[in-house]
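Visitor: Quick one: sequence and predicted model below, then my questions.
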Amino acid sequence: MFIDLAASPLPSLTAPPPGMRRARGIDRWNPDRRALARFRRIAETIGAEAPLPGFDALAAAARVLAHDFAGHRRAPSIRLRLRCLTALRTMSAEPAWDLAAGDRERIASITAYARGGDRLIPDSIPVIGGLDDAVLVELAWPSLRLELDDYLDFRRLRAEEAALRGVPPHRIGFDREQWRQARATEQALLRHVRRCGLGSYALTPSAPLFRVRG
């Protein structure tokens, strides 16, 4: 796997324990109902398998991040997921990568929200800015993770092929089917190398060693 979100997890997005004081805002930011409704609508359209977090759960996660990463411009877990979103947008816009329509729509929905005006948590808020975008990436990740892994491997093999030809990667005709063939060839070569490494070049266990006579 090329990108592991577990390396920098978000705080729990489940509802706060019963009895905890309900949050009125996120770091002094009080989102309106329209922003919250838009966030939940986008979360529903991306087909998330996990339960959608409510405002109290988001506010609790924001408080944890604001405390743990005070003084940072943005929490590392948010930065990682925003980098993932950039990679997902690049994959969606790649002409040579035949992305399924459902995946393209999920990425487009998250992108439209991230670039829209009715944001639940503005980027300008220190540490937690972009948490809402990060949560949407987190919710869509199970359905997009393997596709993005394959796309990143496609870019790796395309770059290697372009280097062999001495041209920029975008100048060669390299599509998903050619990537599949190249990866199958690469994996077959790796299996062959492993088999050779486990074998012996001696004809028999008792074959004599070469001797140099003076």
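Guide: Nice, I can see it.
Visitor: going forward, measure contacts and count neighbours with C-alpha atoms only.
Guide: Noted.
Visitor: Return the list of helices and strands in contact with the helix ranked longest in the chain.
Guide: Counting residues, the longest helix found in the chain (DSSP state H) is helix 131-165. For helix 131-165, the packing partners by 3 or more Cα pairs under 8 Å, 6 or more residues apart in numbering; DSSP states H and E come out as helix 33-45, helix 76-93, helix 101-115, helix 176-198.
Visitor: among the ones you listed, which is the most enclosed?
Guide: Counting by mean count of other Cα atoms under 10 Å, helix 76-93 has the highest mean neighbour count of the helices and strands packed on helix 131-165, with a mean of 19.
Visitor: Now that helix: average pLDDT?
Guide: Averaging pLDDT along helix 76-93 gives 97.
Visitor: mind saving the C-alpha coords of it as CSV?
Guide: What follows is helix 76-93, C-alpha atoms only, in CSV (Å, rounded to 0.1, in the frame of the first residue of the first chain):
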residue,chain,number,x,y,z
PRO,A,76,-0.7,16.1,10.6
SER,A,77,-3.7,13.8,10.2
ILE,A,78,-5.5,16.6,8.3
ARG,A,79,-2.5,17.4,6.2
LEU,A,80,-2.2,13.7,5.2
ARG,A,81,-5.8,13.4,4.1
LEU,A,82,-5.6,16.7,2.1
ARG,A,83,-2.6,15.3,0.3
CYS,A,84,-4.7,12.2,-0.4
LEU,A,85,-7.4,14.4,-1.8
THR,A,86,-4.9,16.1,-4.2
ALA,A,87,-3.8,12.6,-5.3
LEU,A,88,-7.4,11.6,-5.9
ARG,A,89,-8.1,14.7,-8.0
THR,A,90,-5.0,13.9,-10.1
MET,A,91,-6.1,10.4,-10.6
SER,A,92,-9.6,11.5,-11.6
ALA,A,93,-8.2,14.0,-14.2
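Visitor: Next, the angle from that helix to helix 101-115.
Guide: 130 degrees (axes from the mean of the first three to the mean of the last three Cα atoms, to 10 degrees).
Visitor: Can you name every helix or strand that helix 76-93 contacts?
Guide: helix 101-115, helix 131-165.
Visitor: Quick one: mean pLDDT for the last one?
Guide: Just to be clear, that refers to helix 131-165. The model assigns helix 131-165 a mean pLDDT of 95.
Visitor: what angle sits between that helix and helix 101-115?
Guide: If you take the same axes, to 10 degrees, helix 131-165 sits at 120 degrees to helix 101-115.
Visitor: related to what we said a few turns ago, can you redo the helices and strands packed on helix 131-165 as CSV, where the extra columns are distance to Ala6?
Guide: Listed next are those as CSV, based on distance: least, Cα to Cα, whole Å:
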stretch, distance to Ala6
helix 33-45, 20
helix 76-93, 9
helix 101-115, 20
helix 176-198, 26
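Visitor: For Leu10, find the nearest of the ones you listed.
Guide: helix 76-93 (5.8 Å; Cα to Cα).
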